[in-house]
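In: Only the shape, not the letters, is given here:
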């Protein structure tokens, strides 16, 4: 867990106090698409298990419930994957090959229905990026790697998922058929389920954990929305939190708001900073200008009636 994530959860401490039960949760997660597809039905079981778990990060490794039918064949084993080389492969299903430029290729050993899955781990400036290909079984590993190394305008093979910072999770059912989950990059990312149902490989369904086109804080009661807007102003380019970019912090704050709105039971991690430390940092920041001081007073005035006594802001 990054320092930014822990700090952001302190700023969103009101959420835990406000919502002992989520009004939104009863209708989620939601499956859209082919509800009769076996992969979609299995994925929905996994999605429901995650949604009602106490796992806060939507990018945590997928854990299989007891007696789950399918098995993981290519997956992450930890939440923080910024060091790269994040995938663990079942050697009976995927062969791991180290290629030029520190690339790693995971190659499905036995094709199915004339197709083969290949997953590329490609190091980047801000972390490894992962692409998923579904190839004709006659395509060779060398042909794919040569194509990837060529000029992008001349490439022959088009990935199903391209340059994602979160790798897809591949599962194998009891008949040896593979399917995979792609996770969208958002506060509570939707899942895309890809499989071959005899009519070709494509996305069969999606599973959403929160309303689309909604900012996470906008799902919460209006007083919390106003507080969220003020806290966001405080996270400006020269805001009170140091050693992290505003963009990265906002990403973690959005996750906090999303979990508070949809899965408040998931707040089970100890923050990096104490409440007193955060209040001291906010006070120091507020001393920097009249504008900051006025915003800090507004944050305190709005937060005070929303917080229980043990989380009341320190008077400035």
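Out: In hand now; what should we look at? Small disclaimer: the values here were computed from a predicted structure and weren't measured.
In: Show me this structure divided up by domain.
Out: Following automatic domain parsing, one gets these domains for the chain: 3-21+213-311, 29-208.
In: okay if I get the ones you listed as a markdown table plus mean pLDDT?
Out: Listed next are the domains of the chain as a markdown table, based on pLDDT from 0 to 100:
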| stretch | mean pLDDT |
| --- | --- |
| domain 3-21+213-311 | 74 |
| domain 29-208 | 94 |
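In: Is it possible to get a markdown table of those that adds mean neighbour count?
Out: In short, each C-beta sits where N, CA and C put it, glycine included. Output for the domains of the chain, formatted as a markdown table (neighbours: other CB atoms under 10 Å):
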| stretch | mean neighbour count |
| --- | --- |
| domain 3-21+213-311 | 17 |
| domain 29-208 | 16 |
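In: what packs against the helix ranked longest in the chain?
Out: Ranked by residue count under DSSP state H, the longest helix found in the chain is helix 246-262. Counting contacts by 3 or more CB pairs under 8 Å, 6 or more residues apart in numbering; DSSP states H and E, helix 246-262 is packed against helix 3-11, helix 14-18, helix 222-234.
In: now the helices for the chain?
Out: For the chain, the helices defined by DSSP H cover 3-11, 14-18, 38-51, 141-149, 222-234, 246-262, 275-286, 290-303.
In: next one: the last one to chain centre, how far?
Out: It refers to helix 290-303. 32 Å (CA atoms, centre = their mean, to the nearest Å).
In: so what does that helix touch, helix or strand wise?
Out: Checking 3+ CB pairs under 8 Å, 6+ apart, helix 290-303 ends up next to helix 222-234, helix 275-286.
In: nearest to residue 30, of the ones you listed?
Out: Within these, the stretch nearest residue 30 is helix 222-234; the backing value is 23.0 Å (CB to CB).
In: what about stretch 114-134, start to end distance?
Out: 10 Å (CA to CA, to the nearest Å).
In: Was I right to think residue 211 contacts residue 219?
Out: Yes: here residue 211 reaches residue 219: they are 6.8 Å apart, a contact under CB atoms under 8 Å.
In: got CSV for the helices and strands packed on helix 290-303, with distance to residue 119 too?
Out: Formatted as CSV, the helices and strands packed on helix 290-303 follow (distance: least, CB to CB, whole Å):
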stretch, distance to residue 119
helix 222-234, 36
helix 275-286, 40
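In: Which of these sits closest to residue 265?
Out: Smallest distance to residue 265 across the helices and strands packed on helix 290-303 (CB to CB): 17.4 Å, for helix 222-234.
In: Compute the inter-axis angle for that closest one and helix 246-262.
Out: Between the axes of helix 222-234 and helix 246-262, defined by axes from the mean of the first three to the mean of the last three CA atoms, to 10 degrees, the angle is 170 degrees.
In: Helix 222-234 - contacts with which helices or strands?
Out: Partner elements for helix 222-234 (3+ CB pairs under 8 Å, 6+ apart): helix 14-18, helix 246-262, helix 290-303.
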